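Peer 1: Sequence below, structure please.
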Amino acid sequence: MPTLREIQEEVDRWITTTGVRYFSPLTNMAILAEETGEVARIMARRYGDQSEKPTDAAADLGDELADVLWVICALANQTGVDLDEAFRRNIEKKTSRDADRHRNNPKLKSN
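Peer 2: Next up, the predicted model:
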């Protein structure tokens, strides 16, 4: 399984060869919002209360999630963020901050 760093490197290789160059960070942020909206549409219609239209049935959630990951990697590359390191630090933060929070949440208890 590739690391986040390896995925970032693959995104960079594709963008700088096939894609010619990076879009601006602001453009990539707008693209991230667009791709997130596509994930939200699938989730709301497939798993939420909205009904699916016939054209929604062919939507591929995995592909849309991969689009979100792609743009996140592009933004990380442009801004010098190492997602491997950032994710490791984030897990450590959540683990220390939320060590008992979720365990003690009555809303999460089994019925």
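
Peer 1: Name the SS class of residue 104, please.
Peer 2: coil (DSSP: H, G, I helix; E, B strand; the rest coil).

Peer 1: Provide the backbone phi and psi angles at it.
Peer 2: phi -100, psi 10 (degrees, to the nearest 10).

Peer 1: Could you check how many residues crowd around residue 39?
Peer 2: 16 (other CB atoms under 10 Å). C-beta: built from backbone N, CA, C; applies to glycine.

Peer 1: what sits against it?
Peer 2: Contacts of residue 39 were listed using CB atoms under 8 Å, 6 or more residues apart in numbering, and they are 61, 64, 65, 68.

Peer 1: most surrounded residue in the residues you listed?
Peer 2: Of all the contacts of residue 39, the highest neighbour tally under other CB under 10 Å goes to residue 64, namely 19 neighbours.

Peer 1: doesn't residue 43 make contact with it?
Peer 2: No - contact between residue 64 and residue 43 fails when scored by CB atoms under 8 Å: they sit 9.5 Å apart.

Peer 1: What mean pLDDT does stretch 102-109 get?
Peer 2: For stretch 102-109, the mean pLDDT works out to 83.

Peer 1: Show me what counts as buried in the helix ranked longest in the chain.
Peer 2: Ranked by residue count, the top helix of the chain under DSSP state H comes out as helix 25-46. For helix 25-46, a neighbour-count test (16 or more other CB atoms under 10 Å) marks 28, 31, 32, 35, 36, 38, 39, 41, 42, 45 as buried.

Peer 1: what's the answer for stretch 69-89, then?
Peer 2: 70, 71, 72, 73, 74, 75, 76, 77, 83.

Peer 1: Quick one: end-to-end length of that stretch, please.
Peer 2: Stretch 69-89 has an end-to-end distance of 18 Å (CA to CA, to the nearest Å).

Peer 1: can I get the CA coordinates of stretch 104-111 in CSV?
Peer 2: Only the C-alpha atoms of stretch 104-111 are listed here, as CSV (Å, rounded to 0.1, in the frame of the first residue of the first chain):
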residue,chain,number,x,y,z
ASN,A,104,-17.8,8.3,27.6
ASN,A,105,-20.3,9.7,25.1
PRO,A,106,-23.7,8.3,26.0
LYS,A,107,-24.8,9.0,22.4
LEU,A,108,-22.4,6.3,21.2
LYS,A,109,-23.3,3.6,23.7
SER,A,110,-24.9,0.4,22.2
ASN,A,111,-28.6,0.1,22.9
